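Asks: Return atomic coordinates for the entry below.
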Amino acid sequence: MRGRRAERYVPARNATPSPFRFELELDAATWAELDDCELAVFHSHVEAAAHPSRTDVENIGLWQNTDYLIYSLAHDELAAFTISGSGVEGLAVTVERPGDVSLP
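Replies: Predicted structure coming up:
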């Protein structure tokens, strides 16, 4: 992200083969490419709403206070949040056209 606008989507593999937990896995070359970018987390919930699950909150780890976007496949909804030790805060999100996401 640059200036609160998504510029690029980099797919990552779930290093934890589970439908209930995820751990982003990116290779060193990809991390190096992203060095000058502000990162955000984007993932989907297949059946659940576009809201952080208990697992999302409990396993936030390094992504605490990072823009955290969730797309609900079941509800065709995109939402954004920050997750910190003090809780979950919703963020406004604008989709200008598919693939063009901004956080005001």
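Asks: any idea how far the residue with the largest distance to the centre of the chain is from D35?
Replies: Each residue of the chain has a distance to the centre, and by C-alpha atoms, centre = their mean the biggest one is for A29: 20.4 Å. From A29 across to D35, the span is 11 Å (C-beta to C-beta, to the nearest Å). C-beta coordinates here come from the backbone N, C-alpha and C atoms, glycine included.
Asks: Can you tell me the SS state at the residue farthest from the centre of the chain?
Replies: Three-state call for A29 (DSSP: H, G, I helix; E, B strand; the rest coil): helix.
Asks: Please shift the residue numbers so they start at 109 in all later answers.
Replies: Noted, 109 is the first residue going forward, which turns the last one into A137.
Asks: How about N173, nearest residue that isn't a chain neighbour?
Replies: Among residues not flanking N173 along the chain, S192 sits closest, at 5.2 Å (C-beta to C-beta, 6 or more residues apart in numbering).
Asks: And that neighbour, how close does it get to P119?
Replies: Going from S192 to P119 by C-beta to C-beta gives 26 Å.
Asks: neighbour count winner among those two?
Replies: S192 (13 against 7; other C-beta atoms under 10 Å).
Asks: What's opposite the more buried one in the beta bridge?
Replies: Applying DSSP bridges to S192 yields these beta-bridge partners: G195.
Asks: Quick one, grab the pLDDT at it.
Replies: In this model, S192 is scored at 92, pLDDT.
Asks: Wait, it touches T174, no?
Replies: No - in this structure, S192 is not within contact of T174 by C-beta atoms under 8 Å, at 9.6 Å.
Asks: shared neighbours, these two?
Replies: By C-beta atoms under 8 Å, 6 or more residues apart in numbering, S192 and T174 have no common neighbours.
Asks: residues in contact with Y176?
Replies: Y176 touches 148-149, 160, 164, 168, 188-191, counting by C-beta under 8 Å, 6+ apart.
Asks: Next, format the residues you listed as CSV and append distance to L181.
Replies: CSV is the format used below for these (distance: C-beta to C-beta, whole Å):
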residue, distance to L181
A148, 19
V149, 17
P160, 16
D164, 16
I168, 22
A188, 17
F189, 18
T190, 23
I191, 21
